[in-house]
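A.B. asks: Give me coordinates for this.
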Amino acid sequence: MPLTARVLSNGAPVSGSTVTFQVMQGSATLNPANATTNANGYATTALHVPALGASLQVSACVQPGSKPCQSFFAVAVPASSLKLEALSGGNQASTVGQNFRPVIVRATDSATPPNPVLGAVVSFQEVVFRLAPTPPVISIGGIVINPNPAPVIIASSHGSLLSDRSGLVNIQPSSGGAQGKGHSMIYSSCAGRLFRSNKAASLGTRTFPATPEFSSHLIL
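C.D. replies: Residues are numbered from 1 along each chain as shown. Reported below is the predicted structural model:
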């Protein structure tokens, strides 16, 4: 994970300054431990955390003299406190040759207001299916039966992505290469739990060559 500090003097960036990064609390490594600011005053190091089981503090100090200093903090978030929310990607519509915009979800903790979580594993599955033709209504002895045939699954894919420092994950909806009238449902989960909204958020319709409509839905 990159850590970046900026050195300023009276509001102006300072280039060529040495910034020392040091782990003050927790277990992690830094490479390099000393970085030189660029023309915009930025110095960057890479933080490697084998396992974040407790709080982590890293200091960044300007040399010589190790002052001023600023600190970076990282806090472990229990899986039971992770939340997943849908940010964008609903109510889309596209035409032939165009793709849906990515579905964007965000992983956060349970604080109020919530904090974004970096490195949360967000799993997702997309199922492309076609609704079977609806049989005629059956009436037997005054009892009306509305048959509801099971949909036909024609494609399925799954994967996982890590949330970025803003807690964001981008998932690209697709038709799975299927043609004809159908639907695509995206299921997304974090920390092994399935999240869903009160109702599916429609991603609109997409028309393919020589086919009727294709729609996609997001379930969180």
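A.B. asks: you'd agree Pro149 is up against Ala132?
C.D. replies: Yes. Using C-beta atoms under 8 Å, Pro149 makes contact with Ala132 at a distance of 3.9 Å. Using the backbone N, CA and C atoms, a C-beta is placed for each residue, glycine as well.
A.B. asks: centroid residue for this protein?
C.D. replies: For the chain, the residue sitting closest to the mean C-alpha position, by C-alpha atoms, centre = their mean, is Val169 at 1.5 Å.
A.B. asks: Which strands or helices does the helix or strand hosting it pack on?
C.D. replies: When secondary structure is defined using DSSP states H and E, the element that contains Val169 is strand 168-171. Using 3 or more C-beta pairs under 8 Å, 6 or more residues apart in numbering; DSSP states H and E as the contact criterion, the elements in contact with strand 168-171 are strand 103-108, strand 152-162.
A.B. asks: Out of these, which is closest to Asn31?
C.D. replies: Closest to Asn31 of these, according to C-beta to C-beta: strand 152-162, at 20.0 Å.
A.B. asks: Off-centre distance for that closest one?
C.D. replies: Using C-alpha atoms, centre = their mean, to the nearest Å, we find the averaged C-alpha position of strand 152-162 to lie 16 Å away from the chain's own average C-alpha position.
A.B. asks: which parts of that strand are buried?
C.D. replies: Judged by neighbour count (16 or more other C-beta atoms under 10 Å), strand 152-162 contains these buried residues: Ile154, Ala155, Leu161.
A.B. asks: could you check the angle strand 103-108 makes with it?
C.D. replies: Using axes from the mean of the first three to the mean of the last three C-alpha atoms, to 10 degrees, one finds that strand 152-162 and strand 103-108 are set 40 degrees apart in direction.
A.B. asks: Strand 152-162 pairs with which strands?
C.D. replies: Taking DSSP bridges as the criterion, strand 152-162 pairs within the sheet with strand 121-130 (antiparallel).
A.B. asks: Give me the residue ranges of the chain where confidence is low.
C.D. replies: Counting by pLDDT under 70, the chain has low-confidence residues at 52, 90-98, 128, 174-188, 190-220.
A.B. asks: Pop the domain breakdown of it in here.
C.D. replies: 2-74, 80-219 (automatic domain parsing).
A.B. asks: Next, the distance between the ends of the first one.
C.D. replies: This means domain 2-74. With C-alpha to C-alpha, to the nearest Å as the measure, domain 2-74 spans 13 Å from end to end.
A.B. asks: ok, now which ones touch the nearest residue to Val121 once chain neighbours are set aside?
C.D. replies: Once its chain neighbours are removed from consideration, Val121 has its nearest residue in Ser160; the separation is 5.5 Å (C-beta to C-beta, 6 or more residues apart in numbering). Ser160 sits next to Val121, Val122, Ser123, Phe124 when contact means C-beta atoms under 8 Å, 6 or more residues apart in numbering.
A.B. asks: returning to what we had before: select, out of the helices and strands packed on strand 168-171, the one closest to Val23.
C.D. replies: Comparing these by C-beta to C-beta, strand 152-162 comes nearest, at 22.1 Å.
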